[in-house]
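> just the structure for this:
(one chain, ligands or ions: 3)
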Amino acid sequence: MANLPLNQEELQARVRELEADIERLSTTDSLTGLLTRAAFLTEANQRIYLPTNPGSHRPGTLIEVLVRDIPRITGTLGRHVGDYVISALTSRLNLMSLPDNVKGRLSQDQFAILFPNITDPLMAMTTAKEILEVLQQPVDWLDRSLVMDVAAGVALAADCDSEGEGDAASLLHNADLAVKIAVQRGGANYAFYNPALAKSAKRRMDVLNALQQGLENGYIEMYFQPVFEAKTSKLVGFEALMRMKTPELGSVSPAEFIPIAEESGLIAKLGAWALFDACRIASNWPSHLTVAVNISPEQFYAGTVTTDVHHALQLSSLPANQLELEVTESSVLKDSESIQIQFLALQELGCGIALDDFGTGYSSLSYLWKFPFSKLKIDRAFIAAMDSTPVAKGILETILSVAKHVGLKVTAEGIETKEQQEVLAGLGAHFLQGFYFGQPMSESELPGFLLSQLDIPRNNGSDIIDLRLAASRLR
Ligand code: C2E
Ligand code: MG
Ligand code: MG
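Ligands and ions are numbered 1, 2, ... in the order given. Here you go, the predicted structure:
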């Protein structure tokens, strides 16, 4: 049948229909029929934002749901399976009898659900739990049963930063932070946003940014803490410790920035640089002084340590027997073949390997003979415990006698007082390190310190010190 020309009214109706179609297409996700991110935010703003009184108590709760396995499923089974799972989960969400809500699909693996009438945290928690429970049920696909790892972040509008806009975007940002915390907790879990969380997330971002620019901008430097022989009180070497200082953040402790560098993967670059810089500086020292460099477990998992050590030694011309690597128990916990192979390769290169922070964590003595350690470093927490815990001294005695049995040298860390020095020397620790003997110092402070150890008067007006020459007098 030939199309009859449309009259004016019909034409207008058609245009309106078409406009509605276009609007729907641009605001809904084609797979699930849920709102797209932009449309969700617009709708959510209309439902919760009170523009006339932005600082007032705002109603509503936003729950963000992350289906963590979607990228893995898409990667292994194909995009169509990922889409199938998301459709199945959307149907379940739609079938749930939830309080009045607005649903959106934010990205491939993220849903957001706004509940304009939930203001009670307990109610928000119950709702998040119910959603997780429903979404965790297996999804059948062909003959397989796919179980999704799901996490939820809960943000109450009432907790929105009063300085910020307090709109749906900031509510979503809060839920985003909460979901990250839930993921860190592992398993199917939920977490609530709270302002302290936001503060720590911002600090983490600031430290990460500083780390990213740290090497180029000179924010990061190696410091060196002296280590002494217990019997003779002679200097035997230094432990290299990383320091970071920025104009904005001031000094940041390695206890804070090393874990951030590890989580972000930056430790590979920083660790390689630390090895090289410590070797470069140590190559100017007398040849009987060693330098100990801390190695993160992540560097072993990445399998880069041997190459990094090899390069650092080659570029600095430092003899391998002057380099010692400090590793913590978590590096050897996995007891994998790869770690064993790397240890043997490092031993082959001629470096010493010290087990650091012994006395914290598992402190299993079996590591001492399973891995080719040359030294054991007793953690300072253990030394400090001697003052308050009488059994600590007995345990230290046992550790020292086991170490002696397996031919290991022992360093006691964190010696802060004369009494601790005397007790540890008396117990037979070979080396001592701590604030009692010296703080970590910068590269520029080293020559003066070394001279003080050598007991040689400075040449008047001369800052240039030939340490190798001085070394011959030290021995
Ligand atoms: P660690 O390897 O056990 O280093 C010893 C820590 O104890 C250092 O803290 C040192 O300044 C501190 N210390 C030394 N003597 C005393 C003392 O008498 N009293 C007290 N209270 N503390 C003392 P720092 O420099 O803050 O480093 C903390 C940790 O960060 C290190 O523990 C190490 O695990 C890690 N770290 C530092 N630099 C690096 C690095 O270049 N790479 C890696 N992967 N980790 C590093
Ligand atoms: Mg150490
Ligand atoms: Mg230590």
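> going forward, measure contacts and count neighbours with C-alpha atoms only.
Fine.
> low-confidence stretches in the chain?
1-3, 24, 49-58, 161-166, 187-188, 335, 363, 455-475 (pLDDT under 70).
> in stretch 192-204, what counts as buried?
The neighbour-count check on stretch 192-204 (16 or more other CA atoms under 10 Å) flags 192, 193, 194, 198 as buried.
> for the first one, give the beta-bridge partners.
If I follow you right, that is residue 192. Beta-bridge partners for residue 192, by DSSP bridges, are residue 154.
> how much space separates it from residue 179?
Using CA to CA, to the nearest Å, we find residue 192 at a distance of 8 Å from residue 179.
> what's the overlap in contacts for the two?
153, 154 (CA atoms under 8 Å, 6 or more residues apart in numbering).
> so what's the residue count around residue 63?
31 (other CA atoms under 10 Å).
> so who does it touch?
Neighbours of residue 63 in contact, by CA under 8 Å, 6+ apart: 112, 113, 114, 128, 152, 153, 154, 155, 175.
> among these, which are within reach of ligand 1?
Restricting the contacts of residue 63 to those within reach of ligand 1 (CA under 6 Å from any ligand atom) leaves nothing.
> among these, name the buried ones.
112, 113, 114, 128, 152, 153, 154, 155, 175.
> which parts of the protein sit against ligand 3?
356, 357 (CA under 5 Å from the ion).
> scan the chain for its longest strand.
Of all the elements of type strand in the chain, the one with the most residues (DSSP state E) is strand 235-246.
> buried set for that one?
235, 236, 237, 238, 239, 240, 241, 242, 243, 244, 245, 246.
> was I right to think the second one contacts residue 229?
Spelled out, that is residue 236. Yes. Counting by CA atoms under 8 Å, residue 229 is a contact partner of residue 236 at 6.2 Å.
> about what we covered before: as TSV, the contacts of residue 63 with distance to residue 380 would be great.
What follows is those, written out as TSV (distance: CA to CA, whole Å):
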residue	distance to residue 380
112	47
113	49
114	50
128	44
152	40
153	39
154	40
155	41
175	40
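> what's the closest of the residues you listed to residue 384?
Within the contacts of residue 63, the smallest distance to residue 384 is 40.6 Å, found for residue 153 (CA to CA).
> quick one: contacts for the nearest residue to the closest one once chain neighbours are set aside?
Sequence neighbours aside, residue 179 is the residue nearest to residue 153 in space, at 3.9 Å (criterion: CA to CA, 6 or more residues apart in numbering). By CA under 8 Å, 6+ apart, residue 179 lies in contact with 64, 65, 66, 151, 152, 153, 154, 190, 191.
> stretch 264-279: how far from the chain's middle?
Taking CA atoms, centre = their mean, to the nearest Å, one finds the center of stretch 264-279 at 15 Å from the center of the full chain.
> next, count neighbours for residue 450.
So residue 450, with other CA under 10 Å, has 20 neighbours.
> over to residue 410. Which of the three states is it?
Using DSSP: H, G, I helix; E, B strand; the rest coil, the three-state assignment for residue 410 comes out as strand.
> beta partners of it?
Beta-bridge partners, per DSSP bridges, of residue 410: residue 376.
> those strands in the stretch 101-250 of the chain, which residues are they?
With strands called from DSSP state E, counting those that start in this stretch, the stretch 101-250 of the chain shows them at 102-107, 110-115, 139-141, 144-146, 150-156, 189-192, 220-229, 235-246, 250-252.
> give the pairing partners of the longest one; include direction for each.
Under the criterion DSSP bridges, strand 235-246 sits next to strand 220-229 (antiparallel), strand 250-252 (antiparallel), strand 290-294 (parallel) in its sheet.
> these two touch, right, residue 68 and residue 109?
Yes. Using CA under 8 Å as the test, residue 68 is close enough to residue 109 to be in contact (6.8 Å).
> who's in contact with residue 443?
Residue 443 sits in contact with 222, 223, 224, 281, where contact means CA under 8 Å, 6+ apart.
> one more time with 7 Å, if that's ok
residue 223 (CA atoms under 7 Å, 6 or more residues apart in numbering).
> who are the contact partners of residue 113?
62, 63, 64, 101, 102, 103, 104.
> how far away is the spatially closest residue to the second one that is not a sequence neighbour from ligand 3?
In space, not counting the residues next to it along the chain, residue 63 is nearest to residue 154; the distance is 4.6 Å by CA to CA, 6+ apart. Relative to ligand 3, residue 154 is positioned 39 Å away (criterion: CA to the ion, to the nearest Å).
> wait, residue 154 sits on residue 176?
No. Residue 154 is beyond contact range of residue 176, at 8.6 Å (criterion: CA atoms under 7 Å).
> secondary structure element holding the most centrally placed residue in the chain?
The structure's the chain has its C-alpha centroid closest to residue 263; by CA atoms, centre = their mean the separation is 3.1 Å. Following DSSP states H and E, one finds residue 263 within helix 254-264.
> enumerate the positions of the helix or strand following that helix that are buried.
As assigned by DSSP H and E, the chain's next helix or strand after helix 254-264 is helix 267-282. By neighbour count on 16+ other CA under 10 Å, the buried set for helix 267-282 is 267-268, 270-282.
> and of the buried residues of stretch 192-204, the nearest to ligand 3?
Nearest to ligand 3 out of these is residue 198 (CA to the ion; 31.1 Å).
> all good on my end, thank you.
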